[in-house]
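Engineer: Sequence and predicted structure are below.
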Amino acid sequence: MKVGFIGGGKMAEAILSDLIRSDMVLKSDVYVAEPDSARRDQIVELYGVNLFEKGEELMSSVDVVFLAVKPQVMDKVLKDISGLVQMDQIFISIAAGKTLANIEALLPASKVARVMPNLAASVSESMNVFCVGQDFTTTDKALVESLLKCFGKILELPEEKFDAVTAVSGSGPAFMAYLLQLVIDGAVALGLSENDATLLAKQTMLGTAKVLNDSDIAIPDFIDSVCSKGGTTEAGMEIMRSESLSKPIARTLQTAAARSVELRGSE
Ligand SMILES: NC(=O)c1ccc[n+]([C@@H]2O[C@H](COP(=O)([O-])OP(=O)(O)OC[C@H]3O[C@@H](n4cnc5c(N)ncnc54)[C@H](OP(=O)(O)O)[C@@H]3O)[C@@H](O)[C@H]2O)c1
């Protein structure tokens, strides 16, 4: 399989490195179009893949094209390549807010999947929510799933869920990191050094995520299992519950999802 990337930024790099590392694609079969020559040099040096300046230049070489440019430049990119689409070529857009209909309108008669990944693709731990266009066959979908699995977990959802998905797992890494920073600030206020506080908080978040991920334990039961009667966790949880974090967090997600709707509406 030959895989192209239009846009050689952070997400493209994270995804292509995982595809190569997992032996899904040979590096000689990866093609990247990126306008910035310094960035092209960097990608060649790091991954030994094929580099071009423009998307048009890789279209005749690839079976699958990741559309990995910012949403603002997507329409121009699609117009530039629309006359070069080959039969059975598959397009996978990772651009926030660009709908299947937006893309299919500019790439008529092509097979398009839309994915919302996140920055954890850089450690193969992305959450990849996807939906596919009407021209997709079962085989096309299986191919897309196998590519997405190389850089994280996958979940197929109807496209109308994508504003919520964008808020929760697309923007989510920033929200989770902010919560982590608040814990670090609290730990420093208790007298720990910034370095020690950061180590403790990060390892605790990682360990918690792993336990919850690797077992079937329900989150409330997990919390109960850490709280012993009259102990430190119970005392802290009482504050967390009474000062309710739920409203600001719900509002954060609602605002991010509403922004996703706005961005879609402004196209
Ligand atoms: N970052 C995230 O956490 C995240 C999460 C989910 C989805 N996404 C989506 O992923 C997409 C890429 O995001 P990113 O963070 O990787 O952005 P990025 O680092 O800015 O990468 C985009 C790349 O596309 C290049 N580019 C611009 N115009 C181009 C053109 N006409 N042809 C080919 N390449 C072109 C840019 O080059 P120049 O810099 O020279 O313009 C840049 O290197 C976006 O649509 C975003 O919505 C990102």
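Structural biologist: Looks like it arrived, so ask away.

Engineer: hey, let's count contacts and neighbours off CA atoms from now on
Structural biologist: Will do.

Engineer: Contact partners for the residue in the stretch 51-200 of the chain that the ligand sits nearest to?
Structural biologist: Nearest residue of the stretch 51-200 of the chain to the ligand: Ala95, at 3.1 Å (Cα to the nearest ligand atom). Going by Cα atoms under 8 Å, 6 or more residues apart in numbering, Ala95 touches 67-71, 74, 114-116.

Engineer: Can you tell me the SS state at it?
Structural biologist: Following DSSP: H, G, I helix; E, B strand; the rest coil, we place Ala95 in the coil state.

Engineer: hmm, which of the contacts of Ala95 are the buried ones?
Structural biologist: Buried by 16 or more other Cα atoms under 10 Å: 67-69, 71, 74, 114-116, out of these.

Engineer: Among these, which one lies nearest to Pro173?
Structural biologist: Distance to Pro173, by Cα to Cα, is smallest for Met116 among these, at 12.8 Å.

Engineer: Please report phi then psi for the closest one.
Structural biologist: Met116 has phi and psi values of phi -110, psi 100 when expressed as degrees, to the nearest 10.

Engineer: Equivalent analysis for the one 5 residues further on, please.
Structural biologist: Per-residue torsions, Ala121: phi -60, psi -30 (degrees, to the nearest 10).

Engineer: how far away is it from Lys10?
Structural biologist: To Lys10, Ala121 is 10 Å away according to Cα to Cα, to the nearest Å.

Engineer: Those two - which one has more neighbours?
Structural biologist: Applying other Cα atoms under 10 Å to Ala121 and Lys10 shows that Ala121 carries more neighbours, namely 25 against 13.

Engineer: pLDDT at that one, what is it?
Structural biologist: Ala121 carries a pLDDT value of 93.

Engineer: and what of Met87?
Structural biologist: 88.

Engineer: That one: neighbouring residues, count only.
Structural biologist: Met87 has 10 nearby residues by other Cα under 10 Å.

Engineer: please renumber so the chain begins at 776
Structural biologist: Understood, numbering begins at 776; the last thing we discussed is Met862.

Engineer: Phi and psi next, for it.
Structural biologist: Dihedral angles for Met862 - degrees, to the nearest 10 - are phi -60, psi 130.

Engineer: List the contacts of it.
Structural biologist: Applying Cα under 8 Å, 6+ apart, we find Met862 in contact with Ser885.

Engineer: wait, is Met902 part of a helix?
Structural biologist: No - Met902 is assigned strand when assessed by three-state DSSP, not a helix.

Engineer: Which residues are in contact with it?
Structural biologist: 891-893, 895-896, 927-930, 944-945.

Engineer: SS state for the residue nearest to Val904 when sequence neighbours are not counted?
Structural biologist: In space, and not counting its chain neighbours, Val904 is closest to Leu930: 4.8 Å by Cα to Cα, 6 or more residues apart in numbering. The three-state label given to Leu930 by three-state DSSP is strand.

Engineer: Quick check: Leu930 vs Gln978, distance?
Structural biologist: Plainly put, Leu930 is 27 Å away from Gln978 if you go by Cα to Cα.

Engineer: Between these two, point out the one with more neighbours.
Structural biologist: Higher neighbour count among Leu930 and Gln978: Leu930, with 14 against 11, using other Cα under 10 Å.

Engineer: I'd say the more buried one and Phe905 touch.
Structural biologist: Yes - the pair Leu930 / Phe905 is scored as a contact, 6.3 Å apart, by Cα atoms under 8 Å.

Engineer: Are any of the contacts of Met902 buried, and if so which?
Structural biologist: 891-893, 895-896, 927-929, 944-945.

Engineer: could you dump those residues to a markdown table with distance to Ser836?
Structural biologist: Listed next are the buried ones among the contacts of Met902 as a markdown table, based on distance: Cα to Cα, whole Å:
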| residue | distance to Ser836 |
| --- | --- |
| Met891 | 25 |
| Pro892 | 25 |
| Asn893 | 27 |
| Ala895 | 28 |
| Ala896 | 25 |
| Gly927 | 26 |
| Lys928 | 28 |
| Ile929 | 27 |
| Ser944 | 32 |
| Gly945 | 30 |
